[in-house]
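[1] Next one to model:
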Amino acid sequence: MARSRRPSAAQRAAEKAEAQASARRAVRICTWASLVTGALGILLLAVPKLLPVGGPWVQLALGALTLILSFRARAIGMRGVEGFDGRLSLLGAFAGFGIMFFAGQAAFAVLSAIGH
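    Here you go, the predicted model:
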């Protein structure tokens, strides 16, 4: 008679702790990466002469990357981290929306100038 090999309670607890640690690490990486890309995007919005060629397009790419990273951090945190507090990733999301808004206006102005 074969016994089924179910993991013990200690093994399940160790696996859960390892999954939590991995999720916390992923949240931390995504959150800080979104804040860095958000800061770069805001810097380029404030001082557009830093990147004269292709400025609005780089800003749009930074805004999109900021949004993707911050929402990814929030998704991982809500799903895999107990007691997740997503204020920093929310700050990154707000920065991403602001960058997309203002860079979108600049990109539209460039496209309108080309059309006329």
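[2] sec struct for residue 7, please.
    coil (DSSP: H, G, I helix; E, B strand; the rest coil).
[3] didn't it look like it was pressed against residue 16?
    No. Between residue 7 and residue 16 there is no contact under C-beta atoms under 8 Å: 10.8 Å. C-beta here means a position set from N, CA and C on the backbone, and glycine is covered the same way.
[4] Work out for me the element the residue nearest the centre of the chain sits within.
    Centrality entry for the chain: nearest residue to the mean C-alpha point is residue 69, 1.7 Å, by C-alpha atoms, centre = their mean. For residue 69, the host element (DSSP states H and E) is helix 55-80.
[5] Let me see the mean pLDDT of that helix.
    On average, the pLDDT along helix 55-80 is 93.
[6] Same question for stretch 102-111.
    Rounded mean pLDDT across stretch 102-111 is 90.
[7] still on that earlier bit, distance between the helix holding residue 69 and the chain's centre?
    3 Å (C-alpha atoms, centre = their mean, to the nearest Å).
[8] Off-centre distance for the helix or strand that that helix is followed by?
    Next helix or strand after helix 55-80 toward the C-terminus (DSSP H and E): helix 87-115. Distance of helix 87-115 from the chain centroid (C-alpha atoms, centre = their mean) equals 15 Å.
[9] what's the answer for stretch 50-63, then?
    18 Å.
[10] who touches that stretch?
    37-38, 40-41, 43-45, 48, 96-100, 102-104, 106-107, 109-110 (C-beta atoms under 8 Å, 6 or more residues apart in numbering).
[11] Please indicate which of those residues are buried?
    37-38, 40-41, 44-45, 96, 98-100, 102-103, 106-107 (16 or more other C-beta atoms under 10 Å).
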